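J.: this one's sequence-less:
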C-alpha cells in the first residue's frame, strides 16, 4: 500500500511539473539562458511559487511601475546593451527598486540600482551637498553595469553576479566554498582526505565568527575551485535542515527567483492587452536626451527654457538635491524628454544665470 501511495504521489508531482512547464514559452527560457541557468530550473517548485505570487498579487503594481518608468527605461536598456549586460538585468533593477529613481532602503541604499554609499564611491558616483549620483539614472546604470561585469568576471555566471550584487561577493564565495566541500565529501566519503577537509571547514567557521580575515577564506576558495565539483543553482539555493546559516541568505535566494519571475511576467498576456500594449514597445527607442548646463543654474530656470513642468524635470533629475546645479561645475549633464531637445537647443542662449544673495548670520538672527 505504501509503495502504491508513493508511486501515485511521484506521478502526480511529475504531472504537476509538466503542466506547469507547459504554461511557459521560449521567451521565459531565454531569461534563464541569459542568467546562465539550466532550462530545467523553470519547473523548480519554489520558483513556481514565487512567480505565481507575483502573477496573481502584483500585476497592477507591475504595470503601474512600468508606466511610471516608461520615459527612462529605454535609456537604461540601451546602456545595458552598450555594456554587454544581458537584457534580463532590467528585472534586477525592478527587484531592487521597482525602477524608482529616488528609492531608498533601510540599509542606506539609494536609487534604481540601490547603491550603498561606499559602493557608489567605488564606482565613481558623487555624493555631496548638491548631488547624489546614485539617483542619476544614466551614471548609476553605467556604474551598475561595471559592477556586474566585475562580478561576472569573478564568478563566471550571470546569476552568481546577480546574487553577489544582492548579498556581496564574500557571501557568494563562502557559499561556493561550502557547497563544493559538501559535494566532495558526499562523493568521496567522510574519511577521504579528512585532515584537509577538517582544516577547510574550521577556516570557514572562524571566518563566520570573524576570527580570521577574508583572505583566509579566499585561500580555501581558490583551492576547492580546482576540484571537479561545481555547485550549480540547485546546490547553492538548497535549504539545509538544521543549519542556521545556509549557503546563501534567504533574501538572496528569494531575490534570484524574483528577478526571473519579474522577467517572465513581461511575457504574459496581460502585458499585451489593449490597455497595456504600449509597454511592449518600451526600449525600442530612447525617449530622453542629455543636455549640459552651467553650474549654479536652478532647475526652475531650465524648466522654463525647455518648456516643461518644473516637477517633471525634477523627477527626471532626482540626483540634483537642492534643485541647483553644483556651482563648481563648468558644465553638468541633465536629462529632459527627447521631445523637448529641439526647444532647448533653440532657447539655450536665453537661459538666465541664477543669482544668489549671501547673508552672514549675526547674533540675534532667527
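T.: All right, it came through fine. Bear in mind the structure is a predicted one, so any value in this text is a computation, not a measurement. Numbers count the residues shown, from 1 in each chain.

J.: Give me the neighbour count for the residue nearest to residue 314 when sequence neighbours are not counted.
T.: Among residues not flanking residue 314 along the chain, residue 299 sits closest, at 5.7 Å (C-beta to C-beta, 6 or more residues apart in numbering). All C-beta atoms are positioned from the backbone trio N, CA, C, and that covers glycine. Neighbouring residues of residue 299 were enumerated by other C-beta atoms under 10 Å; the total is 22.

J.: what about residue 299, distance to residue 313?
T.: Taking C-beta to C-beta, to the nearest Å as the measure, residue 299 falls 6 Å from residue 313.

J.: Ok, residue 52 next?
T.: Taking C-beta to C-beta as the measure, residue 52 falls 40 Å from residue 313.

J.: In terms of packing, which of these two has more residues around it?
T.: A count of neighbours by other C-beta under 10 Å puts residue 313 above the other of residue 52 and residue 313, at 22 against 12.

J.: ok, now which ones touch the more buried one?
T.: Neighbouring residues of residue 313 by C-beta atoms under 8 Å, 6 or more residues apart in numbering: 299, 302-303, 306, 334, 336.

J.: Equivalent analysis for residue 293, please.
T.: Each residue near residue 293 by C-beta under 8 Å, 6+ apart is listed here: 302, 325, 331-332, 334, 351.

J.: residues shared between the contacts of residue 299 and residue 313?
T.: residue 334.

J.: Phi and psi next, for residue 343.
T.: phi -70, psi -40 (degrees, to the nearest 10).

J.: in stretch 95-110, what counts as buried?
T.: Using 16 or more other C-beta atoms under 10 Å as the burial criterion, the residues of stretch 95-110 that qualify are 95-101, 103, 109-110.

J.: Would you check that my belief about residue 218 contacting residue 173 is correct?
T.: Yes - contact criterion C-beta atoms under 8 Å: residue 218 and residue 173 qualify, at 6.5 Å.

J.: neighbour count winner among these two?
T.: residue 173 (22 against 15).

J.: Now do the same for that one: its pLDDT.
T.: Residue 173 is assigned a predicted lDDT (pLDDT) of 98.

J.: Please apply the same query to residue 266.
T.: 87.

J.: got a list of what it touches?
T.: Residue 266 neighbours (C-beta under 8 Å, 6+ apart): residue 91.

J.: now it: how far from residue 53?
T.: Taking C-beta to C-beta, one finds residue 266 at 16 Å from residue 53.

J.: Ok, residue 187 next?
T.: From residue 187 to residue 53 the distance is 36 Å (C-beta to C-beta).

J.: With residue 314 instead?
T.: For residue 314, the distance to residue 53 - C-beta to C-beta - is 35 Å.

J.: Please tell me the pLDDT value assigned to the residue nearest to the spatial centre of the chain.
T.: Note on the chain: the residue nearest the mean C-alpha position is residue 92, at 3.4 Å, using C-alpha atoms, centre = their mean. What the model reports as pLDDT for residue 92 is 97.

J.: Surely it is in a strand?
T.: No - if the criterion is DSSP: H, G, I helix; E, B strand; the rest coil, then residue 92 is helix and not within a strand.

J.: Next up, the contacts around it.
T.: If you count contacts by C-beta under 8 Å, 6+ apart, residue 92 has them with 162, 165, 259.

J.: Make JSON lines from those residues and add pLDDT and neighbour count to it.
T.: Below are those laid out as JSON lines (pLDDT from 0 to 100; neighbours: other C-beta atoms under 10 Å):
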{"residue": "162", "pLDDT": "98", "neighbour count": "26"}
{"residue": "165", "pLDDT": "97", "neighbour count": "24"}
{"residue": "259", "pLDDT": "97", "neighbour count": "27"}
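
J.: Of the residues you listed, which belong to helices?
T.: Judged by DSSP state H, helices contain the following of the contacts of residue 92: 162, 165, 259.

J.: any idea how far the second one lies from residue 92?
T.: Distance, residue 165 to residue 92, using C-beta to C-beta: 7 Å.

J.: for the last one, same thing?
T.: Distance, residue 259 to residue 92, using C-beta to C-beta: 5 Å.

J.: okay, and the common contacts of these two?
T.: By C-beta under 8 Å, 6+ apart, the residues touching both residue 259 and residue 92 are residue 162.

J.: pretty sure the residue nearest to residue 314 contacts residue 310?
T.: Yes - counting by C-beta under 8 Å, residue 299 does reach residue 310; the two are 6.4 Å apart.

J.: element containing residue 334, please.
T.: Assigned by DSSP states H and E, residue 334 belongs to strand 332-337.

J.: Note down every partner strand of that strand and its orientation.
T.: Using DSSP bridges, strand 332-337 pairs in its sheet with strand 288-293 (antiparallel).

J.: For the helix or strand following the strand it pairs with, name the packing helices and strands.
T.: Once the chain leaves strand 288-293, the next helix or strand it forms, by DSSP H and E, is helix 299-306. Packing contacts for helix 299-306, counted by 3 or more C-beta pairs under 8 Å, 6 or more residues apart in numbering; DSSP states H and E, involve helix 310-316, strand 332-337, helix 341-347.

J.: Burial check on the closest residue to residue 131 other than its chain neighbours, number of neighbours?
T.: Leaving out its chain neighbours, the residue that sits closest to residue 131 by C-beta to C-beta, 6+ apart is residue 319, at 5.3 Å. By other C-beta under 10 Å, 26 other residues sit near residue 319.

J.: about what we covered before: nearest to residue 254 among the contacts of residue 293?
T.: Distances from residue 254 to those, taken as C-beta to C-beta, are shortest for residue 334 (36.7 Å).
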